[in-house]
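Q: Here is a sequence with its predicted model. Questions after.
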Amino acid sequence: MNDNEKLVEELAGKIKTGEVQPWKTESVLLEEYDASAPDHFRTAALSRRTCIEELTGHKFNYLELPDKPYLMQWRCPKDNSIWHLEARDTDTACTRCGSALEPYGTEAERFRPLVNNYIGGKEEYYSYAGQIKVFGDVDKTFTNILAYGPGFGSIGISVGCFRVNKLGGAEVKVGRWAGAARNLGYIFESEEEREKAVVAAKIFLPELRKEMEEKFLSEFRGEIYEVEFVRRQHHGQFYIYICFYTRFEYARGHGDTSSAVGFARGRMDAEFNEKGVAYTQSLIAMGFDGDLKPSPRNRRGRYVSAQVKVPIPAYEKMSKTGIDKLMSYMEIDRQGVMQEQGGFVYSGMGGEIIPALYRGTKVNPRPYNVSCTENVYVEIKGNDVIFGVELPNLEVGAASNREGLICPTAREVLKFMGIGTSKEFAAAAAAITLAGEFNFALLHLRGEMYAGK
Ligand SMILES: [Zn+2]
């Protein structure tokens, strides 16, 4: 073992015991170990990786750590704008005016971390965000490896996890099923013809449902739990939506549901033709099923919530203010979201926290924005305050990667985190979101969020 390997071992041990906070590793190296910039960035990342390996018993095989894991500061001599570029980036021209950028700051000072708590990754910068203990419908401690977008650090979530763990962990409730939906649309020239279609479809439905389940949904033990008929019209055209709702315990089921409904369309067309029902168009009408659109109706995904219980005096001490201030903080946020967005999509910071998990694990569905909505809630029960988040329609493909390949790096991240099933993914998502929100609310109440210096 060479000196640097010994140093990494020593620091990993200190991070594990809590003697060194993971996000302070860089500054500890500079101040207490006489390390020099920018080499200390790699040593710090290695120390966190070693700590994670020791905590989980797994080894990193795919999540790469580059030789120069840091950014450098540059300045445009013409317009004085300051630039942050990753060290391996050789394109050092100002994109505003085209001038060649010049180094900014002294050789020792122009380096910055790629992201707080960086542990590896080139296309995505992965961070270690502590561990979170959950109990209830899932009992586990997740080791959080997240990939944040720009402008979002991991410290808030790490600190939040630390706080929630200290309070006993997050209690999670995970819905038994994940739902999927796909809609069949028909267009008719008259209301009479449409009514004939509804009658014929309802008679045919029991047989069709059975065929759909056997052919397409049985592999993951999926079932059709509801078929909805809705009538709409547009300027002399008469529509029916026949929406098929499916549910799965350990899969996302979206692709299988789509295939099943595609099959149903062919069977239903034939049935209408045989019964003399005249439609002008039959189609998969995806607007109604809400495909890749966030919906407050929870047509898709799985419900999960996570909450933590704190005695009111303890919360008041932590937030340095009275409990009423928490209630009014929640209300001003709730009104802001409801009135400006017309309904909740995300309250709180979920719009940034939840994508960090999707980016890191790359499970389906990839479009992070629409993968679930979030609601933050606070309740007073006796002498306790309950702080919680619910994700009413979290979509999870951890157990259905046939719907979209998951790269080895992301599968490795899932393994390190301790996520094996879609239910565990849901529990981790809710607990991490709770940790972030819990900490953000405290910072806001103390006036420490975005505090200008
Ligand atoms: Zn410029």
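A: Ah, there it is.
Q: Got phi/psi on residue 100?
A: Main-chain torsions, residue 100, degrees, to the nearest 10: phi -70, psi 130.
Q: Residue 144 now?
A: Dihedral angles for residue 144 - degrees, to the nearest 10 - are phi -90, psi 120.
Q: Next one: the residue nearest the centre of the chain from the ion, what distance?
A: The centre of the chain sits closest to residue 354, judged by Cα atoms, centre = their mean, with a distance of 2.7 Å. Residue 354 sits 36 Å away from the ion, going by Cβ to the ion, to the nearest Å. Every C-beta, even on glycine, is put in place using the N, C-alpha and C of the backbone.
Q: Then residue 336?
A: 37 Å.
Q: Check which helices and strands the strand or helix carrying the residue nearest to the centre of the chain is in contact with.
A: Following DSSP states H and E, one finds residue 354 within helix 350-361. Counting contacts by 3 or more Cβ pairs under 8 Å, 6 or more residues apart in numbering; DSSP states H and E, helix 350-361 is packed against strand 140-147, strand 384-394, helix 408-417, helix 422-445.
Q: just to revisit the earlier point, pretty sure the residue nearest to the centre of the chain contacts residue 365?
A: No. Counting by Cβ atoms under 8 Å, residue 354 does not reach residue 365; the two are 12.0 Å apart.
Q: The helix holding residue 354: how far from the chain's middle?
A: Remark: helix 350-361 is offset 3 Å from the chain centroid, using Cα atoms, centre = their mean, to the nearest Å.
Q: so what secondary structure elements neighbour whichever helix or strand comes after it?
A: Toward the C-terminus, helix 350-361 is succeeded by strand 375-381 as the next helix or strand (DSSP H and E). If contacts are counted by 3+ Cβ pairs under 8 Å, 6+ apart, strand 375-381 sits against helix 323-341, strand 384-394.
Q: Ok, which of the ones you listed comes nearest residue 207?
A: Checking the helices and strands packed on strand 375-381 against residue 207 by Cβ to Cβ gives strand 384-394 as the closest, at 30.4 Å.
Q: Chain neighbours aside, what residue packs nearest to residue 171?
A: residue 136 (4.5 Å; Cβ to Cβ, 6 or more residues apart in numbering).
Q: nearest to residue 283, of the helices and strands packed on helix 350-361?
A: Nearest to residue 283, of the helices and strands packed on helix 350-361 and by Cβ to Cβ, is strand 384-394 at 24.7 Å.
Q: between that closest one and strand 375-381, how many degrees?
A: Going by axes from the mean of the first three to the mean of the last three Cα atoms, to 10 degrees, strand 384-394 is angled at 150 degrees with respect to strand 375-381.
Q: so what does strand 384-394 touch, helix or strand wise?
A: Using 3+ Cβ pairs under 8 Å, 6+ apart: strand 384-394 touches strand 302-311, helix 312-319, helix 350-361, strand 375-381, helix 422-445.
Q: following the helix or strand harbouring residue 180, which helix or strand comes up?
A: Per DSSP H and E: residue 180 is located in strand 178-188. Following strand 178-188 in sequence order, the next helix or strand is helix 191-212 (DSSP H and E).
Q: isn't residue 423 right up against residue 139?
A: No. Assessed by Cβ under 8 Å, residue 423 is found out of contact with residue 139, at 11.6 Å.
Q: Looking at those two, which one has more neighbours?
A: Ranked by neighbour count (other Cβ atoms under 10 Å), residue 423 and residue 139 place residue 423 first, with 23 against 11.
Q: how close does the nearest residue to that one once chain neighbours are set aside get to the ion?
A: Closest residue to residue 423 apart from its sequence neighbours, by Cβ to Cβ, 6+ apart: residue 174 at 5.1 Å. Noted for residue 174: a distance of 51 Å to the ion, by Cβ to the ion.
Q: Contact partners for residue 174?
A: Counting by Cβ atoms under 8 Å, 6 or more residues apart in numbering, residue 174 touches 136, 137, 138, 302, 303, 304, 423, 426, 427, 430.
Q: Specify the beta-bridge partners of it.
A: residue 304 (DSSP bridges).
Q: Ok, the one 4 residues further on next?
A: Partner residues in beta bridges with residue 178: residue 248, with DSSP bridges as the criterion.
Q: what about it, how many neighbours?
A: 31.
Q: what's the spacing between it and residue 301?
A: 6 Å (Cβ to Cβ, to the nearest Å).
Q: same deal with residue 62?
A: Distance from residue 62 to residue 301, counting by Cβ to Cβ: 28 Å.
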